[in-house]
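>>> task: produce atomic coordinates for the following.
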Amino acid sequence: MAGRGRSRPVTGVLVRLKWALLRNGLRQSAGRRVAYAASALVSVLFGALVVLGLVLLHGNRHATTVGVVLLALLALGWAVFPLFFPSGDETLDPTRLVMLPLRPDPLVRGLLVASLVGIGPVFTLCLTAGAAYAVGHGAASTAVALLAVPLAVLVCVALARAVAAANTRLLTSRKGRDLAVLSGLVIALGAQLVNFGAQRLGRAGGLGALDPAADVLRWVPPASAIGAVEAAGRGAYGPAAAQLALTAAALAALLLVWRRALTRLMTAPDGSTLQAAEPARRATPRRRLFPDGRTGTVMERSLRYVWRDPKTKAAWITSLAIGLIVPVFNALQGTGSAYFACFASGMLGIQMYNQFGQDTSAFWMVAATIASPRDAYAELRARALALLLITLPYATLVTVLTSALLDAWQELPEVLGLSFALLGAMLATGAWTSARFPYSIPQEGYKNVAPGQAGLAWISIFGGMVAAAVLCAPVLALTIALHATDHTDWSWLLLPAGAAYGTAATLLGLRLAAPRTADRLPEILTAVSKG
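Residues are numbered from 1 along each chain as shown. Purely as a prediction, here's the structure:
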């Protein structure tokens with residue numbers, strides 16, 4: 001298959017393989033067919049709306065700005081998509097073809113053509129064509145668009161392929177699975193950024209605020225293809241040719257990078273087949289950062305779960321990010337309040353819920369060490385202390401940052417007090433619900449609850465959050481009373497009061513949860529082993 005004449009059959013085989021993978025994947029289950037049909041329908045509707053908007057922008061002075069920025073965002077999506085959804089396309093893993101006698105050049109051409117099969121390329125083609133129509137004027141721009149639109153689509157597809165090939169080893173490792181689990185966070189963060197950007201544009205006078213960015217992006221491939229169409233329409237044939245050449249050069253560079261990555265993957269030995277070249281490292285004693293006994297051991301184990309377990313890590317990163325985004329973004333928009341900082345304590349306190357679910361079937365080792373309510377209390381207390389190592393400084397940081405952005409330093413002590421009280425209440429209710437409503441967290445896939453246990457998860461999380469809010473009522477009532485009676489000079493007392501109340505609530509919750517945990521060890525083990 002090395003000859004030029006034999007590259008076409010390779011391309012045809014790979015295209016048919018892509019169709020077969022798509023067809024057979026849809027035959028596996030009705031759920032896949034429904035999901036594919038729903039995604040196709042959403043893509044068609046969203047694409048039709050965007051194309052209609054671009055058509056209506058034809059002749060508008062901001063059409064070029066919208067078209068260039070839109071294509072730049074599309075390219076960014078193509079670059080990021082393989083990192084977070086590596087299993088979305090089986091052909092993104094070229095190591096499946098390692099045993100076949102294929103040369104890099106025919107393989108690159110074949111995979112590039114096969115990559116054009118699917119919803120994503122068709123969606124990109126429609127949006128790119130709509131952007132070209134929005135900025136085009138006259139026969140010259142039409143002629144340039146006939147070259148620019150396919151070039152832009154090929155650049156997007158080649159960009160995704162090059163990124164996937166360069167990161168294949170990462171995407172098939174545990175870190176790659178971590179990235180896939182975090183995809184929801186990226187989508188949520190992107191939605192917040194889009195919302196924030198839209199509000200900022202509205203205040204800055206509309207799309208005209210994007211003109212400086214568009215002037216730069218029109219020279220960055222593949223957005224430069226839309227810039228070429230616009231330049232040709234106003235008679236600037238020199239810049240149009242330069243921008244079109246930039247797009248073609250970017251495509252050639254991406255294909256070269258992709259080819260080199262494929263060559264390395266197809267020829268380099270896998271580290272799993274080689275013996276370790278380095279001698280075994282001698283175990284060196286490490287200085288313990290945690291107290292001796294059960295408390296230090298459980299704390300270290302819990303923090304290792306946070307760092308190593310993909311689902312636990314995803315839950316923590318999501319809570320940390322959202323707990324910061326909500327108060328800070330609202331403060332930046334000028335619509336927030338210092339009390340929004342309590343959202344961080346609420347998001348982080350959720351991590352205390354279903355403490356035994358992250359252990360899965362390995363909980364039997366923990367259960368074997370619990371012989372009395374005292375042992376259960378020590379276990380729960382150590383897990384709560386591990387959470388406090390992260391949650392206390394982070395909640396304080398978010399509160400201080402939010403107060404600084406709003407210049408609400410007078411409210412800082414009372415907000416901190418409320419945050420500490422809420423955090424303590426959630427640790428208390430989290431310990432109790434962990435014993436009363438445990439559920440399993442599947443290790444594979446994207447689901448965070450095992451089938452049949454969704455009701456337990458809802459009761460555990462939302463019931464515990466409502467109970468925590470009720471537990472915080474005394475501190476909240478004291479805050480309202482100080483403001484209602486104009487005694488705000490004494491509001492600094494809420495900081496020590498909230499901290500003391502949160503500590504007392506946590507200790508009381510642990511004391512109440514310990515006997516129930518010790519009595520329900522078999523039931524807990526059964527519940528968390530279903531995943």
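
>>> rounded mean pLDDT for stretch 11-25, please.
On average, the pLDDT along stretch 11-25 is 77.

>>> moving C-terminal from the host helix or strand of Thr124, which element do we reach first?
Thr124 is part of helix 119-135, with elements assigned from DSSP states H and E. With elements assigned by DSSP H and E, the helix or strand that comes after helix 119-135 is helix 138-166.

>>> and that following helix with helix 119-135, angle?
Following axes from the mean of the first three to the mean of the last three C-alpha atoms, to 10 degrees, one obtains 150 degrees for the angle between helix 138-166 and helix 119-135.

>>> could you check how far helix 138-166 is from the centre of its chain?
Distance of helix 138-166 from its chain centroid, counting by C-alpha atoms, centre = their mean, to the nearest Å, is 27 Å.

>>> in it, what counts as buried?
The neighbour-count criterion (16 or more other C-beta atoms under 10 Å) identifies 140-141, 144-145, 148-166 as the buried residues of helix 138-166. All C-beta atoms are positioned from the backbone trio N, CA, C, and that covers glycine.

>>> next, the buried residues of stretch 44-64.
Using 16+ other C-beta under 10 Å as the burial criterion, the residues of stretch 44-64 that qualify are 47, 50-51, 54, 57, 63-64.

>>> as CSV, those with pLDDT, distance to Leu525 and secondary structure would be great.
Conversion of the buried residues of stretch 44-64 to CSV gives the following (pLDDT from 0 to 100; distance: C-beta to C-beta, whole Å; DSSP: H, G, I helix; E, B strand; the rest coil):
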residue, pLDDT, distance to Leu525, secondary structure
Gly47, 85, 50, helix
Val50, 88, 51, helix
Val51, 89, 55, helix
Leu54, 88, 58, helix
Leu57, 86, 61, coil
Ala63, 85, 63, helix
Thr64, 86, 63, helix
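
>>> ok, of those, which one's closest to Ala395?
Val50 (40.3 Å; C-beta to C-beta).

>>> for the closest one, give me its contacts.
Residues in contact with Val50 (C-beta atoms under 8 Å, 6 or more residues apart in numbering) are 70, 127, 130.

>>> give me the nearest residue to Tyr305, chain neighbours excluded.
The shortest distance from Tyr305 to any residue other than its chain neighbours is 4.7 Å, reached at Thr312 (C-beta to C-beta, 6 or more residues apart in numbering).

>>> which residues of the stretch 201-350 of the chain score low on pLDDT?
In the prediction, the stretch 201-350 of the chain carries residues with pLDDT under 70 at positions 201-209, 268-288.

>>> Pro522 and Ala382, how far apart?
22 Å (C-beta to C-beta, to the nearest Å).

>>> which of the two has more neighbours?
Counting neighbours by other C-beta atoms under 10 Å for Pro522 and for Ala382 shows that Ala382 has the greater number, 21 against 10.

>>> so the more buried one is in which element?
For Ala382, the host element (DSSP H and E) is helix 373-406.

>>> helices and strands around that helix, which ones?
With contacts taken as 3 or more C-beta pairs under 8 Å, 6 or more residues apart in numbering; DSSP states H and E, helix 373-406 sits against helix 293-308, helix 310-332, helix 342-349, helix 412-436, helix 494-519.

>>> output those helices in a markdown table; the columns should cover mean neighbour count and distance to Pro9.
Converted to a markdown table, the helices and strands packed on helix 373-406 look like this (neighbours: other C-beta atoms under 10 Å; distance: least, C-beta to C-beta, whole Å):
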| stretch | mean neighbour count | distance to Pro9 |
| --- | --- | --- |
| helix 293-308 | 16 | 46 |
| helix 310-332 | 19 | 41 |
| helix 342-349 | 26 | 55 |
| helix 412-436 | 27 | 60 |
| helix 494-519 | 20 | 65 |
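
>>> out of these, the one nearest Gly118 is which?
Shortest separation from Gly118 across these is recorded for helix 310-332, at 26.8 Å, computed as C-beta to C-beta.

>>> what's the angle between the closest one and helix 412-436?
150 degrees.

>>> quick one: list the elements packing against helix 310-332.
If contacts are counted by 3+ C-beta pairs under 8 Å, 6+ apart, helix 310-332 sits against helix 174-181, helix 183-204, helix 293-308, helix 342-349, helix 373-406.

>>> got the CA positions of the third one in CSV?
Think helix 293-308. The C-alpha atoms that make up helix 293-308 are tabulated as CSV, following Å, rounded to 0.1, in the frame of the first residue of the first chain:
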residue,chain,number,x,y,z
GLY,A,293,-2.9,6.5,64.4
ARG,A,294,-6.2,6.0,62.6
THR,A,295,-6.9,9.7,62.1
GLY,A,296,-3.7,10.4,60.1
THR,A,297,-4.1,7.2,58.0
VAL,A,298,-7.8,8.0,57.1
MET,A,299,-6.9,11.6,56.3
GLU,A,300,-4.1,10.5,54.0
ARG,A,301,-6.3,7.9,52.3
SER,A,302,-9.1,10.5,51.7
LEU,A,303,-6.7,13.0,50.2
ARG,A,304,-5.3,10.3,47.9
TYR,A,305,-8.8,9.6,46.7
VAL,A,306,-9.2,13.2,45.8
TRP,A,307,-5.9,13.2,43.8
ARG,A,308,-6.1,9.8,42.2
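
>>> ok, and what's touching it?
Outside helix 293-308, the residues that reach it (C-beta under 8 Å, 6+ apart) are 288, 290-291, 312-313, 316, 358, 369, 375, 378-379, 381-383, 385-387, 389-390.

>>> filter those residues down to the buried ones and hand me the ChimeraX line.
Listed next is the ChimeraX selection for buried residues among the contacts of helix 293-308, using 16+ other C-beta under 10 Å:
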select :290,312,313,316,358,375,378,379,381,382,383,385,386,387,390
